[in-house]
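**Student:** 3D, please:
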Amino acid sequence: MARMTDFINPEMASDIAGNPVFAALAQELEHDREVQKMKHQYIYGITGSLTTVLGANVAGIFTLTIEQGTDFKSDAMLISAFSVDAVNATSFPTPGAATFACRGLQMRITDAGAGRELTNNFLPLELIATPGYGVSLIKEFAWKYLFKRTSVIRFDVRTNDVASSGRVHNFAIAFRGMKIYTPS
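**Tutor:** Now for the predicted structure:
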């Protein structure tokens, strides 16, 4: 296995090895690199779109699969949504706008790999996405959960926007966290 001192000239390597401060820094960098081989920051994300139909709930199932060789420990969920129809286009969350994309969207989350429901029912998207409709474009929602390798995260999304037709609800969901490599 290569060491940090293998990548610098021999004179500098002997100076580093002879200096306890430099040697400690080189050792720390080697340790960090070894740890990074086993876990590092990662973001899993999906995008989706639902078009409303007058007088009817429209539903869709969107899935995200954790890679085979890693577990994933999420720290936060991020959601962005916007809605477009023939009359107006709105971005979410813009305080004071006539319509919000997430108002009218509901979501249920299931870890299908573990057979666990992560929400007890369909929840309005605004409760998860941006509690209180903050002024920033995206607010993180703390979501700490360990997803096992090959888990399938299932998002059941439905519209509750039955008063209009043809409105397209677009959304993106991301989990931010640590990818953890473990022996099979």
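
**Student:** C-alpha only now, for contacts and for neighbours.
**Tutor:** Fine.

**Student:** the domain parsing of this structure - what is it?
**Tutor:** The chain breaks down into these domains under automatic domain parsing: 4-37, 39-181.

**Student:** avg pLDDT for the longest helix seen in the chain?
**Tutor:** For the chain, the helix reaching the highest residue count under DSSP state H is reported as helix 20-38. Helix 20-38 carries an average pLDDT of 74.

**Student:** now for it, which elements pack on it?
**Tutor:** helix 10-18, strand 168-181 (3 or more C-alpha pairs under 8 Å, 6 or more residues apart in numbering; DSSP states H and E).

**Student:** Strand partners (parallel or antiparallel) of the longest one?
**Tutor:** Spelled out, it's strand 168-181. strand 39-51 (antiparallel), strand 70-84 (antiparallel) (DSSP bridges).

**Student:** quick one: low-confidence parts of this structure?
**Tutor:** 1-18, 36-37, 54-56, 83-104, 130-139, 161-165, 183-184 (pLDDT under 70).

**Student:** Kindly recompute the last result at 80.
**Tutor:** By pLDDT under 80, the low-scoring segments of the chain are 1-39, 51-57, 80-105, 125-140, 160-170, 182-184.

**Student:** in stretch 62-80, what counts as buried?
**Tutor:** 63-66, 70-80 (16 or more other C-alpha atoms under 10 Å).

**Student:** would you turn the strands paired with strand 168-181 into JSON lines with distance to residue 177?
**Tutor:** Compiled in JSON lines, the strands paired with strand 168-181 are given as follows (distance: least, C-alpha to C-alpha, whole Å):
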{"stretch": "strand 39-51", "distance to residue 177": "6"}
{"stretch": "strand 70-84", "distance to residue 177": "4"}
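
**Student:** Of these, which is nearest residue 150?
**Tutor:** When the strands paired with strand 168-181 are compared by C-alpha to C-alpha, strand 70-84 sits nearest residue 150, at 8.1 Å.

**Student:** any idea whether residue 113 is helix, strand or coil?
**Tutor:** coil (DSSP: H, G, I helix; E, B strand; the rest coil).

**Student:** Could you pull up phi and psi at it?
**Tutor:** phi -60, psi -40 (degrees, to the nearest 10).
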